[in-house]
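Peer 1: Fold the stuff below for me.
(chains A and B)
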Amino acid sequence: MNIVFLVHGIGRHAKGWSDDPVAALDQALRLYPQCFPAGKKLGDYLEIVEIRYDDIFDLVLQRWDELAQSLPAPAGAFNWTGKVSELLQRANNDGATFARFGGDVLLYGGFALVARAARLRLNAIVSATIFRAHVEAIAADRNPPKFAVVAHSMGTAVAQDALHQLATGEWVVERDEIEDALPDLVENANLSEQQAADLKAVLDGLAADETRTIPVNLTGLFLVSDTSPLLHRAPALYSELRTATGAFDCTGFWSINHELDPVSRVGAGLGGGAVRGDKVDIVVRHIHKRNIHDFAHYLSHPRVHAAIFRRMIPDFSNACFQQAQELAKRDEWKGFGGELAGLEAQARQRLIDELRNSAAAQRTVEKLRETIEKYFGLIGAA
Amino acid sequence: MRRAAILLAIATLFLARANAADLRGDEVFLCDKRHQPSAAVRPSSLLLDVSAEVASGDFRAAYAKLARSLESSFSGGERAMPGIAGFLGALREPQTRTFEINTAASGANEEKLFETEQGREITFDCNAPVPRYLVDVASVSLVASKIHPKQITPLLARRALGVARASRDAESLLKDGLAMWPWELWANGLRLSRDDSEPLFRTQLVLMRPTAGIEVDTRNRASADLNASVMLEPVGFVRYRGSGYSHWWGASIVVTSSTSRGAGVGGLVRWDNYVFGLTRHKGEDGRPDSNFLVIGVELYDFLNKKRTELKEWDEFRERRTEQLRDTLRLRE
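Peer 2: Residues are numbered from 1 along each chain as shown, chains lettered A, B, ... in the order given. Predicted structure coming up:
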């Protein structure tokens, strides 16, 4: 079973945040009964790995709050410590408001230590999962699974940065260190006793290897509401990275955006994005709820989920892929539908105008923050 | 009716089977169909043939054997067909490449091997029957994919460990380390390497850091001079001890202005959350200069707790002594 990592974007994301996008994909399966028999779930075809880094931002806000609370009011006319405390406490107490005001973007874009922790969280999960899947493949005497990352919004920048680091960093520790660290590694990767024994046998049987950098070799990188051109911090995008053989480290790359989504319109940056010729651009136009930036709203579109299914689920045949392309031509997938299907013409036009106007003209990090604030003000939710 | 439904379900499952290449026993599943490779490159034979090399970890030799088997399966001008020379070359120089066959990213009805490697890409056109030599290429490619985990897993283990350690350190610094004010967090971030695989720093800068503390006049320890105040550390550092980021020592320059004796300048040292220092206050109105002890709130709390414990112990001891005396008096 192939493995898909889901990476969240701006806003609050508790454990289990991926339930919504997975539910959207579960619903999408039902559109293709000739490929997916009734009653089947996404989990029957793909292993979904949820990646969450939001708690790192929460931790930083909480520590700032603690610092602020530790200060007594100074003597004098202006209680500056009180003002600082108030600001930092407000940020921590109302995380949703902080996110709505684009706080996540500022934390990731402005604080290298926070960005590093977020990247490493993603890489720790990805590398442990890839390793575990290979051990399982050896134990079961089968080919290893393929891996894809589907990232949303600010998560597209985190994913690009993190994967670039994973593919270019000298991560491979000395061979003799493995012996001592094996119990930790087995626990981190959640290996069974048998898998741990298999791994030990493989490690024992091999000669020393001087390789320190290994490619990630993603089969698919799907960037949904792509902000990575503007927000990425790595010197280059992972999607553009080539291995020693000259091949792209990531063999398939999709940039998926909504024509009206203010976040990705500003996040697209000033043309500093991907240049590889085989990049697949998907632009959707459906408006099935007010929050068109929502991850699940994107995934519900046939062109979007079909690209993921086709690449990662062997059962999704070419015939089903073609069916999805036909579905995408229907009016409901080119404009209003879903919970907004009954919206009257005037209200439709007003929403379109508001969405168009909420994107800032300049493509800078500060303008993206302003856009996020304006957008969440418009749709009235985080 | 029921039988028809079962047949329909079986037919549906059959029609919907994979379009991505895979091994099905000794057959190759490619472009939605099962294909029989040539005898020379039958998957089970290939795996048996390279088993000794794989077991001994000599993957280069194993891949080279696969290349030889594939070459022997070609007839006529097949060796000169597009991509074949590149594929054979890749088998002889496998490095860390994967040999997976993917559906085309473009959405076209084709599958691809080395799809982004210029000059090596092999396309399986699924709109036409797949030629035998390409089935053989797919067979060898899928066998190579099956061997690949054994080659790469030790490296993946070592990489996973390296990343897990770096991740643990990065989060431990934020969670357990000396909490950083926003500007300190920003300034310390500037010192990071651009490469996450480089170890995280063990020395943290302290910059314009407000700290709550208490100043005690060394000349006059009256309670009036025991003021809770905000001290400012313009510059300093902490050095982390042990393996994680939970313990540290450090030193800073400190400026205070909260006592009745005007501004003071001095230094402080840090041991975990405990802060202790000395400041010098200039004498005013004919009064001499004074030295003040600076005690961080945590240390003050700690000392106070100890003092309370001591006081409670003294009271307890006095009570017990009194009880003992009473008992003795009664006996008399």
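Peer 1: Let me know the pLDDT of whatever residue of the stretch 251-382 of chain A ends up closest to chain B.
Peer 2: In the stretch 251-382 of chain A, the residue that lies nearest chain B is A:Pro314 (3.3 Å; C-beta to the nearest C-beta). C-beta coordinates here come from the backbone N, C-alpha and C atoms, glycine included. As predicted, A:Pro314 sits at a pLDDT of 86.
Peer 1: how close does it get to A:Val150?
Peer 2: For A:Pro314, the distance to A:Val150 (C-beta to C-beta, to the nearest Å) stands at 18 Å.
Peer 1: Which one of the two is surrounded by more residues?
Peer 2: Legend: neighbour count by other C-beta atoms under 10 Å in any protein chain shown for A:Pro314 and A:Val150, higher for A:Val150 (29 against 21).
Peer 1: What about the closest residue to A:Val114 other than its chain neighbours, how many residues nearby?
Peer 2: Distances taken as C-beta to C-beta, 6 or more residues apart in numbering or on different chains place A:Leu107 nearest to A:Val114, at 5.1 Å, with adjacent residues excluded. Counted with other C-beta under 10 Å, the neighbours of A:Leu107 add up to 22.
Peer 1: now swap in A:Trp64 and tell me
Peer 2: 22.
Peer 1: Let's verify it: helix, strand, or coil?
Peer 2: helix (DSSP: H, G, I helix; E, B strand; the rest coil).
Peer 1: before we move on, back to that, what's the per-residue pLDDT of the residue nearest to A:Val114 here?
Peer 2: A:Leu107 is assigned 87 on the pLDDT scale.
Peer 1: which ones are touching the residue lying closest to B:Leu192 once chain neighbours are set aside?
Peer 2: Nearest non-adjacent residue to B:Leu192, counting by C-beta to C-beta, 6+ apart: A:Ala112, 5.0 Å away. The contact partners of A:Ala112, by C-beta atoms under 8 Å, 6 or more residues apart in numbering or on different chains, come to A:Arg233, B:Trp186, B:Gly189, B:Leu190, B:Leu192.
Peer 1: roughly how far apart are the first one and chain B?
Peer 2: Think A:Arg233. Distance, A:Arg233 to chain B, by C-beta to the nearest C-beta, to the nearest Å: 9 Å.
Peer 1: Buried among the contacts of A:Ala112? Need that as a selection in ChimeraX.
Peer 2: Those of those that count as buried under 16 or more other C-beta atoms under 10 Å in any protein chain shown are selected in ChimeraX with:
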select /A:233 /B:186,189,192
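Peer 1: and the contacts of A:Ala112, which of them are in helices?
Peer 2: Mapping the contacts of A:Ala112 onto helices (DSSP state H) picks out B:Trp186, B:Gly189, B:Leu190.
Peer 1: Just the closest of those to chain A, please.
Peer 2: B:Gly189 (3.1 Å).
Peer 1: what are the phi and psi angles of the residue lying closest to B:Asp176 once chain neighbours are set aside?
Peer 2: Once flanking residues are discounted, B:Asp176 sits nearest to B:Ser246: 4.3 Å by C-beta to C-beta, 6+ apart. Per-residue torsions, B:Ser246: phi -90, psi -20 (degrees, to the nearest 10).
Peer 1: Near B:Ser246, how many other residues are there?
Peer 2: B:Ser246, neighbours per other C-beta under 10 Å, totals 14.
Peer 1: thought it was touching B:Ser172?
Peer 2: Yes - using C-beta atoms under 8 Å, B:Ser246 makes contact with B:Ser172 at a distance of 7.2 Å.
Peer 1: How about B:Val294: which residues does it bridge to?
Peer 2: B:Glu215, B:Gly277 (DSSP bridges).
Peer 1: any idea how far it is from A:Phe147?
Peer 2: 55 Å.
Peer 1: Just the element for the residue most central in space within chain B, please.
Peer 2: Chain B has B:Ser167 as the residue nearest its centroid, 2.6 Å off, counting by C-alpha atoms, centre = their mean. Here B:Ser167 is covered by helix B:132-176, with elements defined by DSSP states H and E.
Peer 1: With B:Ala108 instead?
Peer 2: Applying DSSP H and E, one finds B:Ala108 in no helix or strand.
Peer 1: Low-confidence ranges, the chain, go.
Peer 2: By default, I'm working from chain A. Applying pLDDT under 70 to chain A flags the ranges A:72-102, A:173-179, A:185, A:188-189, A:198-211, A:269-274, A:381-382.
Peer 1: nope, chain B
Peer 2: The low-confidence ranges in chain B, as defined by pLDDT under 70, are B:1-20, B:94-96, B:220-228, B:258-261, B:299-311, B:313, B:316-317, B:324, B:328, B:330-332.
Peer 1: where exactly do the helices run in it?
Peer 2: B:2-15, B:43-49, B:51-56, B:59-73, B:84-92, B:132-176, B:182-190, B:297-331.
Peer 1: Show me what counts as buried in stretch B:77-86.
Peer 2: B:Glu78, B:Met81, B:Gly83, B:Ile84, B:Gly86.
Peer 1: what about whichever residue of the stretch 151-300 of chain A sits closest to chain B, neighbour count?
Peer 2: Chain B sits closest to A:Gly169 of the stretch 151-300 of chain A, with a gap of 3.1 Å, by C-beta to the nearest C-beta. Using other C-beta under 10 Å, A:Gly169 has 21 neighbouring residues.
Peer 1: give the contact list for it.
Peer 2: Residues counted as contacts of A:Gly169 (C-beta under 8 Å, 6+ apart) are A:Thr213, B:Asp195, B:Asp196, B:Ser197.
Peer 1: same deal with B:Ser145?
Peer 2: When contacts are counted by C-beta under 8 Å, 6+ apart, B:Ser145 touches A:Asn143, A:Pro144, B:Thr98, B:Phe99, B:Glu100.
Peer 1: Please apply the same query to A:Leu355.
Peer 2: If a contact means C-beta under 8 Å, 6+ apart, then A:Leu355 has A:Leu260, A:Asp261, A:Pro262, A:Ile292, A:Leu378 as its contacts.
Peer 1: could you redo the last one with a cut-off of 10 Å?
Peer 2: A:258-262, A:265, A:287, A:290, A:292-293, A:375, A:378-379 (C-beta atoms under 10 Å, 6 or more residues apart in numbering or on different chains).
Peer 1: and if you look at B:Leu293?
Peer 2: B:Leu293 makes contact with B:213-218, B:221, B:226, B:266, B:276-279, according to C-beta under 10 Å, 6+ apart.
Peer 1: neighbours of the closest residue in space to A:Lys279 that isn't next to it in sequence, just the number please.
Peer 2: Computed as C-beta to C-beta, 6+ apart, the closest residue to A:Lys279 that is not its neighbour in sequence is A:Phe253, at 5.0 Å. Per other C-beta under 10 Å, the neighbour tally for A:Phe253 reads 23.
Peer 1: One more: A:Val135?
Peer 2: Neighbours of A:Val135 under the rule other C-beta under 10 Å: 25.
Peer 1: what's the answer for B:Leu46, then?
Peer 2: 25.
Peer 1: repeat for A:Phe147
Peer 2: 23.
Peer 1: In this structure it contacts A:Asn217, no?
Peer 2: Yes - judged on C-beta atoms under 10 Å, A:Phe147 makes contact with A:Asn217 at a distance of 7.5 Å.
Peer 1: joint contacts of these two?
Peer 2: Jointly contacting A:Phe147 and A:Asn217 under the rule C-beta under 10 Å, 6+ apart are A:Ile130, A:Cys250.
Peer 1: how many other residues sit next to the residue nearest to B:Leu66 when sequence neighbours are not counted?
Peer 2: Spatial nearest neighbour of B:Leu66, excluding adjacent residues (C-beta to C-beta, 6+ apart): B:Val140 at 5.1 Å. Around B:Val140 there are 27 other residues, counting by other C-beta under 10 Å.
Peer 1: I figured B:Val140 was touching B:Ser45, is that so?
Peer 2: No - B:Val140 is beyond contact range of B:Ser45, at 11.2 Å (criterion: C-beta under 10 Å).
Peer 1: gap between the residue nearest to B:Asp176 and chain A?
Peer 2: From B:Ser246 over to chain A the distance is 14 Å, taken as C-beta to the nearest C-beta.
Peer 1: what about the strands in the stretch 201-350 of chain A?
Peer 2: Using DSSP state E, counting those that start in this stretch, the strands of the stretch 201-350 of chain A run over A:220-224, A:253-258, A:280-284.
Peer 1: Appreciated, that's everything.
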